[in-house]
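Asker: give me a 3D structure for the following:
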Amino acid sequence: MRDLIFGLIGGTALLMYGVDKMGEGLEKASGEMMKKMLSILTGRVWSAFFVGTFLTALVQSSTAITVLTVGFVNAGLMKLPQAVGIIYGANIGTTITAQLMAFSFNFKLTEIALPVLGIGFTIGYFSKNKTVKNFGEALMGFGMMFLGLKILNQGIPFMQQSPTLRYFFETYASNPFIGILLGAIATAMVHSSAATVGLVMILGQAGLLDLTSAVAIMLGDNIGTCITAQLASLSGNIHARRTAWAHTLYNIFGVIIVALILPYFVRIIEATTLYFQPNGDIGSQIANSHTLFNVFSALVFLPITKYYVKFLETIIKGKGLDHEPQSIYLDKLLMDTPAAAFKATISEIIRGAELTKAMLNNALDALFDNDIDKIDLVNKDEEVVNQLQKDITVYMVELSRRPLSDPDSIIVHAMITSINNIERMGDHISDVARLVEGKINRNLIFSDAAIDELKQLKELVIWMYDNTIILLKEKNIELIKSTAELEDKVDELCRELANHHIMRLEAGKCNVESGVIYLDIINHFERIADHIYKVSLLSKDELQGIARSTDKSTVSMTEV
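Answerer: The predicted structure is shown next:
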């Protein structure tokens, strides 16, 4: 009995660690390709489905693909329909591990576990190439997985002779509901459906589980594997939460459908295995049940994906993202993919620019309409912008501690500089709002001429804002030139307006106290325009990873 217990503990640990090590090594070895394919080749649901299947079969971890997908959706780099397609495919791709395990039983691959482990260690230890080293780690994981299966296999005679184990499985695991629950709990605990399916195969080989009980536990495995994506989505936005629930509900619905037709599904498994693998044992049948279940679920859901997405959007609601009091796109899951992390950060910077633009509109609407309530909106948005500056700075500093190329290091600095400029815009607009609040509270009057001049100034600055927000999304040489020209116009107009104000004062057409507020507002406008211009310049070079002089002359006619 002691040998059985120790064998179960050690074998299970080796199996779980081997599956995890193999997936981690394969993921690192093909990481850049995997992430590029996820972000580029997933335009339609069907292409996302095939990409999800291929990548998960390659890295042998549906959890890694699903969690990364949650991160991409959270960062706004992928839409929910594409994420759902990837999830369909990932569930199929992960079944390859179970097929390898079944293959190892039939062809005694467990006997070469130690040599494979040794070869993997040699490659990983001596290789200087990072990709080859990661492949060596994957091979070590492969060997550990087979070694764990071999140790567990050695316990089969003891399992067969144990009346306690036989009583437990015959009494409890034979109940499909309990079997599903056992599979869900076990997989949620170990975060690997492949490892629990391997254990189920061992129990099947020992005669402790019949095929129906094994299939029930396998169904539970598919529910339990959703826990990791759910945990990854906890700190994400509404889109990330919808993606995690898309994975969970997809598996739950699939399990319910198959559970209702379980006897017929078991017959299909037996017939399929007999046809394709005449010599296949219960291990092959369990592996095939895992594959066929996920293929069946995908075939059911693919044609109705559009309605499934609408269903998710209906039941999982969120409030408007722009006024969330913190960052909504930044996700630590993207840290290993700088290109994705930068895209997420740009989304936050754009959000900050749009918030400060709204602040400016509200501050001046308060001035033009004597509407003090608009000042509260300005103050609320300023708090969000201040938080964005902190979040983005911390995110970029953490990213900078990772190995980055020279262009990526330039982008990190530019991201921090951009959000600092946007935060300064928010400060100036907040100061404008306080000036407007003082004007309203003291019942001061601006002349019609002064109001018209401020409307003209506002129009130019909002134009600069619109140009810069577009520039943050895509490089446009003409808009960079236009923004530079607008900044010159703002400077010139501010000087003209100050002169006009002095002329009105001399003519007795303006109140001195109102005039002081008017001049302060103009000065803040000039500084706001300066900060917008700086962000537009950053979008031209530094945010593209190109070092540049900050001198204004760099935006010359020859350059643009």
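Asker: show me where the stretch 401-550 of the chain has helices.
Answerer: Secondary structure of the stretch 401-550 of the chain (DSSP state H, counting those that start in this stretch): helices at 406-441, 448-473, 477-506, 512-540.
Asker: over to the stretch 151-300 of the chain?
Answerer: Under DSSP H, counting those that start in this stretch, the stretch 151-300 of the chain gives helices at 156-161, 163-168, 176-190, 193-205, 211-224, 227-233, 238-260, 262-276, 282-301.
Asker: tabulate those (a markdown table), appending mean neighbour count and mean pLDDT.
Answerer: The way it works is simple: take the backbone N, C-alpha and C, and place the C-beta from them, glycine included. As requested, these are exported to a markdown table (neighbours: other Cβ atoms under 10 Å; pLDDT from 0 to 100):
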| stretch | mean neighbour count | mean pLDDT |
| --- | --- | --- |
| helix 156-161 | 15 | 59 |
| helix 163-168 | 11 | 69 |
| helix 176-190 | 20 | 86 |
| helix 193-205 | 27 | 80 |
| helix 211-224 | 25 | 91 |
| helix 227-233 | 20 | 77 |
| helix 238-260 | 21 | 89 |
| helix 262-276 | 15 | 93 |
| helix 282-301 | 22 | 92 |
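Asker: quick one, which of those is nearest to L472?
Answerer: Among the helices of the stretch 151-300 of the chain, the nearest to L472 by Cβ to Cβ is helix 238-260 (20.2 Å).
Asker: dump the residue contacts of R527.
Answerer: By Cβ atoms under 8 Å, 6 or more residues apart in numbering, the contact set of R527 is R424, H428.
Asker: correction: V266
Answerer: Counting by Cβ under 8 Å, 6+ apart, V266 makes contact with L211, T212, V215, S289.
Asker: in the protein, what helix or strand scores lowest on average pLDDT?
Answerer: Sorted by mean pLDDT, DSSP states H and E, the helices and strands of the chain end with helix 31-40, the least confident at a mean of 56.
Asker: downstream of that helix, the next helix or strand is which one?
Answerer: helix 45-59 (DSSP states H and E).
Asker: widest-spaced pair of the contacts of V266?
Answerer: The distance between the two most remote of the contacts of V266 (Cβ to Cβ) is 10.0 Å, for T212 and S289.
Asker: and the gap between the closest residue to K458 other than its chain neighbours and I462?
Answerer: The spatial neighbour of K458 that comes closest, neighbours along the chain excluded (Cβ to Cβ, 6 or more residues apart in numbering), is L364 at 5.3 Å. Separation of L364 from I462 (Cβ to Cβ, to the nearest Å) stands at 9 Å.
Asker: more neighbours, those two?
Answerer: Shown here are L364 and I462; by other Cβ atoms under 10 Å, L364 has more neighbours (24 against 15).
Asker: buried sites along whichever strand or helix holds that one?
Answerer: Using DSSP H and E, L364 sits in helix 338-369. Judged by neighbour count using 16 or more other Cβ atoms under 10 Å, the buried positions of helix 338-369 are 338, 340-367.
Asker: spatially central residue for the protein, please.
Answerer: By Cα atoms, centre = their mean, the chain has its centre lying nearest to G71, at 1.0 Å.
Asker: just checking, that residue touches L330?
Answerer: No. With contact defined as Cβ atoms under 8 Å, G71 and L330 do not form a contacting pair (10.1 Å).
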